[in-house]
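In: structure for this input, please:
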Amino acid sequence: MSSITINLGDAFLLDTPPNSEHLYIAIAQMSEDDYLFVNVTSRRPNSESACVLLPCSDVPGFIVRESVIAYQFARQMNAIELAGLITAGSPIPKGVCSATVLAQIQQGGLNSKRLRNRYKAALKTFLGIP
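Out: Here you go, the predicted structure:
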């Protein structure tokens with residue numbers, strides 16, 4: 001598989017360090033080919049709370065407990081890079097967020113103190129925010 005289709009709100013299970021199988025959601029298009037992806041993880045006491053996701057019909061079904069977006073692990077990828085990281089045997093995409101949840105995640109990125117400045121700037125540009 002050399003590349004896949006990326007739609008905003010798509011969630012992919014990626015084989016990334018240190019423990020493999022990390023969930024990433026596409027939240028903005030950064031260029032013609034590159035997208036901004038953010039990591040979803042279980043909420044812990046030291047988690048940033050800029051965007052908290054609870055299990056419901058708007059979030060992908062595999063979110064079964066209170067989770068947060070870990071903006072510090074955001075990454076820029078194109079479809080070919082993404083295809084090389086998808087966990088073997090995982091559905092592509094693993095799930096899809098509703099437009100409401102996507103907007104919540106994007107807003108959380110703007111409010112996050114942990115999202116890198118270059119990603120925050122790209123998100124603002126994508127959303128048309130000066």
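In: can you give me the strands for this structure?
Out: Under the criterion DSSP state E, the chain contains strands at 10-14, 22-29, 34-42, 52-53, 67-78, 95-96.
In: quick one: which of those is nearest Ile86?
Out: Ile86 lies closest to strand 10-14 among the strands of the chain, at 5.8 Å (C-beta to C-beta). C-beta here means a position set from N, CA and C on the backbone, and glycine is covered the same way.
In: how far is the helix or strand of the chain with the lowest mean pLDDT from where the chain is centred?
Out: Every helix and strand of the chain was ranked by mean pLDDT, DSSP states H and E. The lowest is strand 95-96, at a mean of 88. Counting by C-alpha atoms, centre = their mean, to the nearest Å, strand 95-96 is centred 11 Å from the centre of its parent chain.
In: Gln104 is nearest to which of the strands of the chain?
Out: Here strand 52-53 is closest among the strands of the chain (C-beta to C-beta), at 7.8 Å.
In: quick check: which ranges of this protein have low pLDDT?
Out: In the predicted model, the chain carries pLDDT under 70 at residues 1-3.
In: still on that earlier bit, can you redo the strands of the chain as TSV with distance to Ala103?
Out: Conversion of the strands of the chain to TSV gives the following (distance: least, C-beta to C-beta, whole Å):
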stretch	distance to Ala103
strand 10-14	15
strand 22-29	10
strand 34-42	13
strand 52-53	13
strand 67-78	13
strand 95-96	14
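In: format the ones you listed as CSV; extra columns: distance to Asn111 and mean neighbour count.
Out: Shown next, in CSV, are the strands of the chain (distance: least, C-beta to C-beta, whole Å; neighbours: other C-beta atoms under 10 Å):
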stretch, distance to Asn111, mean neighbour count
strand 10-14, 21, 22
strand 22-29, 13, 23
strand 34-42, 13, 20
strand 52-53, 12, 18
strand 67-78, 9, 20
strand 95-96, 23, 18
